[in-house]
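K.L.:
one predicted model, sequence on top.
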Amino acid sequence: NAGVMQNPRHLVRRRGQEARLRCSPMKGHSHVYWYRQLPEEGLKFMVYLQKENIIDESGMPKERFSAEFPKEGPSILRIQQVVRGDSAAYFCASSPREQGGNEQYFGPGTRLTVT
Amino acid sequence: GDSVTQMEGPVTLSEEAFLTINCTYTATGYPSLFWYVQYPGEGLQLLLKATKADDKGSNKGFEATYRKETTSFHLEKGSVQVSDSAVYFCALSDPPTGNQFYFGTGTSLTVIP
């Protein structure tokens, strides 16, 4: 049973470009969470999605950031017009909440570098 | 609001030493508590969890007990190995929605032979 998959693992973008980060949850999980980890810090919640719905986006910056989880395909975190401060590791997690569990399983992360 | 406070690192221990990493929390409800481990360049792996007061989570020789009276969930291991070198994160999930996890800042552990 494959774990949470994220790609790319490393992404380099110049200031002003767009970054697209992909996340495929574990098989059977339909709840996805995105977190951002800045250097030397813990993970900060960004957004929680269920298939085709954004449930909680209280941690998302109001501008330039968006997320989706379509009926088919992976969840996408999109950052428009990236700035140096967006450089971080972005982690996706999925949860078996529909089965009653509340633990979250994390992917390997995408490390975004903005030059 | 909810938060997790973790013992600051880095921590350096000799192999076979006893490990304690302190974690305390603040929550409005009755949270579930977790320890995650992150190896270099990788994502977080669930190490153990506890869902109610006095529960003890354990895995791979690590243990942590959910102490409601002291709002703590300290991680312990009796005899660490070099392979335990990693960053350890304490986290909580607060019902009823449990939409997000709140993470501590992480404690870096290095075990030397």
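P.N.:
Yep, that arrived.

K.L.:
now do the contacts for residue 14.
P.N.:
Just going to use chain A. By CB atoms under 8 Å, 6 or more residues apart in numbering or on different chains, the contact set of residue A:14 is A:82, A:114, A:115. Quick note: C-beta positions are derived from backbone N, CA and C, even for glycine.

K.L.:
try chain B instead
P.N.:
Residue B:14 sits next to B:111, B:112, B:113 when contact means CB under 8 Å, 6+ apart.

K.L.:
and the second one, its phi and psi?
P.N.:
Listed backbone geometry of residue B:112 is phi -110, psi 140, with angles given as degrees, to the nearest 10.

K.L.:
which helix or strand contains the residue most central in space within chain A?
P.N.:
Geometric centre of chain A, nearest residue: residue A:34, 3.5 Å, by CA atoms, centre = their mean. Using DSSP states H and E, residue A:34 falls within strand A:31-37.

K.L.:
mind pulling the model confidence for the residue nearest to the centre of chain A?
P.N.:
Looking at residue A:34, its pLDDT stands at 96.

K.L.:
which residues sit against stretch B:39-55?
P.N.:
With contact meaning CB under 8 Å, 6+ apart, stretch B:39-55 is reached by A:4, A:6, A:43, A:91, A:93, A:102-109, B:30, B:32-38, B:56-60, B:62-68, B:73, B:75, B:86, B:88-89.

K.L.:
show me the contacts for the residue nearest to the centre of chain A.
P.N.:
Taking CB under 8 Å, 6+ apart, we find residue A:34 in contact with A:23, A:45, A:46, A:47, A:49, A:67, A:75, A:77, A:90, A:91, A:92, A:93.

K.L.:
one more time with 6 Å, if that's ok
P.N.:
A:46, A:47, A:77, A:92 (CB atoms under 6 Å, 6 or more residues apart in numbering or on different chains).

K.L.:
helices - which of those land there?
P.N.:
Among the contacts of residue A:34, none falls in helices (DSSP state H).

K.L.:
ok, the residues you listed vs residue B:22, which is closest?
P.N.:
Residue B:22 lies nearest to residue A:46 out of those, by CB to CB, at 27.3 Å.

K.L.:
so that closest one sits against residue A:61, correct?
P.N.:
No - Residue A:46 is beyond contact range of residue A:61, at 8.3 Å (criterion: CB atoms under 6 Å).

K.L.:
of the two, who's got more company?
P.N.:
residue A:46 (22 against 13; other CB atoms under 10 Å in any protein chain shown).

K.L.:
give the contact list for that one.
P.N.:
By CB under 6 Å, 6+ apart, the neighbours of residue A:46 are A:34, A:36, A:59, A:60.

K.L.:
how about the residues of chain A by chain B?
P.N.:
Counting by CB under 6 Å from any CB of the partner chain, the residues of chain A close to chain B are A:41-43, A:45, A:48, A:56, A:91, A:102-103, A:106-109.
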